[in-house]
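1. Need the 3D shape of this:
(chains A and B)
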Amino acid sequence: MASVYALLLLALAVFAPSFHRAGNWRDIAVANAPLLLTATGMTLVVLTRHVDVSVGSQFAICGVLAGLMAKAGWPMPVVALGTVAAGMAMGGLNALLVAVLGLPSIVATLATMVTLREGLRWATEGAWVEDLPPNFQWFGLGQAAGRALIVALSLAVFAAIAWALVHLRAGRAVYATGSDAEAARLLGVPARATVALGFVALGGLGALAALLTAVQFIDVQSSAGIGLELKVIAAVVVGGTAITGGRGTAPGTLLGVALLGTLGPALTFLGSHAYWERALQGAIILAAVASDAFEGRVVARPVDVVPEGARAG
Amino acid sequence: MPTPAAAAPSPGALLSLTGIVKSFGGVRALDGVSFEVRSGEVHALVGENGAGKSTLVKVATGAHAPDAGEVALGGRVIARLDPLAARRLGVAVIYQQPALLPDLTVAENIALAEEQGAPWRRVRWRERRRRARELLGRVGARIDPDAAVGRLRMPEQQLVEIARALGSDARVIFMDEPTASLSERETEHLFAVIRELRAKGSGIVYVSHRLEELFVVADRVTVLRDGRRVADRPIGELDRAALIRLMVGREVSAAAGEAARVPGDAVLEVRGLRSRAGGLREATFTLHAGEVLGLAGLVGSGRTELARTLFGLTPADGGELRVRGQAVTIPGPERAVALGLAYVPEDRKRHGVVGELPIAANLTLAILRELSRLGLLDRAEERRRAEQMSARLGVRAPSVEVPVSTLSGGNQQKVALGRWLATRPSILILDEPTQGIDVGAKAEIHRLVGELAGQGLALLMISSDLPEVLGMSDRVAVMHDARLAAILPRERATPEAVMTHALGHGAPDVEAAAAR
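-> Presented below is the predicted three-dimensional model:
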């Protein structure tokens, strides 16, 4: 996938050199920073062999909550903390259903997705949160500094999680759990707690993403985040994380987000119709899954090396 | 390495279980069993499959909570034992089915069991690799610490599992069929390690169906039968026959059935068969109707590879094959089946049976075409055939509609065998047909093999169990280093002769060309 992305960037450099303007890249980065946060959280969940399709609904609720708290006159740091806490609480609900009650994650989170979305519609009656205080948009820092903050914060959180996945025991527990939950349990890895933590972390990261998206506009739409789950899961899969858990990396997800996030603007710059974006995204996802399956087949092939220990001297 | 807090030195029992009761859905797996492990002893735990050995191991290591009874470690009663607490208290387990994480590396699998501490603790990758290399060296395995465990073969996985248990510096080590897929040499190595651990004062619980091993390595033996303890004695007081009597509660002839058959025509002639992809260098032999040809050799000597190449699972890139006199090529399993070959593979769980499906569906999986008309399956006929086959094999199950996964290992193996017998093959390849199954079931499989040969089937039987190979075979082929090194007629197939060839020390002893 890295080579596909390199090829895309090269094609842009040749056929649409104006694409590589700093301003364009900044726009792409700002637009995709929240997606990166959510996708990183989703990577944690997918690595434990689960999935969360309720992220879009959580995203909408967190955005609206952030707006309401700001309108109520709370200082921005408190708004941020409150939003993330709300996201973690919703992640905790999914964790309860999946890790504690043992429900299949796709069905459990489908239920929370619908319930949360309809609950929000009932509460807001579809109304947007308007008349936000001036310190809400761009955190009151102005557009340039606000954008820089969004990108920097997202990248910092991403880097911390990417590092932790490789270098902390908790990160390795994620891989162990996804590889074989029962074997992990017998090894003393707290498999259920690890799964639960994945959902809670995704909730928190999704909430942060919602906040960082909300502050880019003058008001908060209550219909935000519809279809977000598909985008996020697509980015994770394109980034090479196996949907069956245990295999994948955070940098892979970064690449997935970058590839899918660059595609739309790239098509516009190349003079192609933006309608092609979805079809092309689909093709890329298919290619990613196919290459993963192919690799799996190579692994499943019997290893033709005679075990050394068995060779008698 | 941090040594788990050793319990206060108590004279004798490191671990003791008292009056353990454990039921699963109305079935009483353990019925008031007591068991103890002392410092510096190897305590064998035996019993037929379903006698409760695995359950006992799981209770002692915290994987199952008992319904009643006490678990005490180092003289202290532990109220709630879980796997993590058990390991902290110095209990390690080597599971029969390696409980490894397939996507992670060898080093990481070993490290996960050892490293304790908070989730935010940093992982020391370099240290992990070094430690993995050291522990693998101790069990005599040369395995790349960075390889993903899922890519390793069964014996290698078993060695990783053993290395992992050693690493935890445990006071009590449970070994559940640790040698099931190990070669003789690796087994010897393991025994040396066990003696070393015993000398250091650890207690080892050794579960195995290979009774010969118990007499070599164990000091004491506990026998379980139907969830109850029927004996706890020094092993010196018992002999093989007495032990088997205790296990089964009845007399079973331990010696495998005498082969006294007259082989018929050559049904399979193999000359110079090789497969680079499959790791087979050279094999030349002839298999006759009504004959059991045993295939011995160390693990990794290419026996399974030979079977897989014959069956078309890995492509051959040289050599000649003749089936009933006709020169053939076998590019894939479909062709092999069409030619009357059948292959019952080694890894029962993965390739032999479909655990979730009922017995009937498993038995008819290879003959669905025969049972269906215009794509519609004749369920009544399926059931009838399955019941017939099930009765012929002596599968013990309430009905042919129960999932295979609910059966014991021996009965699962019968189903795996039955699935292929349904195709009415003329050449049957068995790969470790009695691995990890109990004495009673083993005797039944042996009886079946004898019967099938008597009916004119040609059998190629791979086995790491030397008494089995010697007892069952009309001739014994021995592989060494991916070559078929020797074919010994029954009267010359002594354990010494087979081992000499398996270790590569034998003079070329393939039957004279005239004999083919």
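
2. Show the contacting residues for A:Glu108.
-> To be clear, residue A:108 is Ala; Glu isn't right here. A:94, A:97-98, A:101 (C-beta atoms under 8 Å, 6 or more residues apart in numbering or on different chains). (Glycine included, C-beta is placed from N, CA and C.)

3. now do A:Met113
-> Applying C-beta under 8 Å, 6+ apart, the residues near A:Met113 are A:53-54, A:56-57, A:229.

4. Neighbour-wise, which one of those leads?
-> Highest neighbour count within those: A:Ser54, with 30 neighbours (other C-beta atoms under 10 Å in any protein chain shown).

5. Give the buried residues for stretch A:262-269.
-> Buried residues in stretch A:262-269, counted by 16 or more other C-beta atoms under 10 Å in any protein chain shown: A:262-267, A:269.

6. now, which of the contacts of A:Met113 lie within helices?
-> Members of the contacts of A:Met113 lying in helices (criterion: DSSP state H): A:56-57, A:229.

7. and these as a markdown table, adding distance to A:Ala288 and pLDDT?
-> Formatted as a markdown table, the ones in helices among the contacts of A:Met113 follow (distance: C-beta to C-beta, whole Å; pLDDT from 0 to 100):
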| residue | distance to A:Ala288 | pLDDT |
| --- | --- | --- |
| A:Gly56 | 21 | 96 |
| A:Ser57 | 26 | 97 |
| A:Glu229 | 17 | 94 |
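
8. Can you tell me which of those residues is nearest chain B?
-> Using C-beta to the nearest C-beta, A:Glu229 is the member of the ones in helices among the contacts of A:Met113 that lies nearest chain B, at 24.5 Å.

9. Check the burial of B:Ser463 by counting its neighbours.
-> Using other C-beta under 10 Å, B:Ser463 has 24 other residues around it.

10. ok, now the one 10 residues further on?
-> Residue crowding around B:Ser473 was assessed by other C-beta under 10 Å; the count is 27.

11. cool, B:Arg88 as well?
-> Neighbour number of B:Arg88 under other C-beta under 10 Å is 14.

12. want to try JSON lines for the ones in helices among the contacts of A:Met113, with distance to chain B as columns?
-> Putting the ones in helices among the contacts of A:Met113 into JSON lines (distance: C-beta to the nearest C-beta, whole Å) gives the following:
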{"residue": "A:Gly56", "distance to chain B": "29"}
{"residue": "A:Ser57", "distance to chain B": "29"}
{"residue": "A:Glu229", "distance to chain B": "25"}
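
13. Tell me the spacing between the residue lying farthest from the centre of chain B and B:Gly332.
-> Relative to the mean C-alpha coordinate of chain B, counting by C-alpha atoms, centre = their mean, the farthest residue is B:Leu374 (40.7 Å). B:Leu374 is 26 Å from B:Gly332, where distance means C-beta to C-beta, to the nearest Å.

14. returning to that earlier point: export the ones in helices among the contacts of A:Met113 to CSV and append columns for distance to A:Leu44.
-> Formatted as CSV, the ones in helices among the contacts of A:Met113 follow (distance: C-beta to C-beta, whole Å):
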residue, distance to A:Leu44
A:Gly56, 17
A:Ser57, 19
A:Glu229, 15
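
15. what's near enough to touch the residue lying closest to A:Leu65 once chain neighbours are set aside?
-> Using C-beta to C-beta, 6 or more residues apart in numbering or on different chains and skipping the chain neighbours, the partner closest in space to A:Leu65 is A:Ala86 (5.3 Å). The contact partners of A:Ala86, taken as C-beta under 8 Å, 6+ apart, are A:61-62, A:65, A:207.

16. most neighbours, which of the residues you listed?
-> The contacts of A:Ala86, ranked by neighbours (other C-beta under 10 Å): first place A:Ala207, 32 neighbours.

17. For it, pull up the helix or strand it's in.
-> Following DSSP states H and E, one finds A:Ala207 within helix A:191-214.

18. That helix and chain B, are they touching?
-> No: using C-beta under 8 Å from any C-beta of the partner chain, helix A:191-214 stays clear of chain B, with a minimum separation of 8.6 Å.

19. what's that helix packed up against?
-> helix A:22-47, helix A:55-71, helix A:76-95, helix A:143-167, helix A:169-179, helix A:181-186 (3 or more C-beta pairs under 8 Å, 6 or more residues apart in numbering or on different chains; DSSP states H and E).

20. What residues sit buried inside it?
-> Going by neighbour count (16+ other C-beta under 10 Å), the buried part of helix A:191-214 is A:191-192, A:194-214.

21. That helix relative to helix A:143-167, how many degrees between them?
-> Interaxial angle, helix A:191-214 versus helix A:143-167 (axes from the mean of the first three to the mean of the last three C-alpha atoms, to 10 degrees): 170 degrees.

22. chain center to helix A:191-214: distance?
-> Distance, stretch centre to chain centre, for helix A:191-214: 9 Å (C-alpha atoms, centre = their mean, to the nearest Å).
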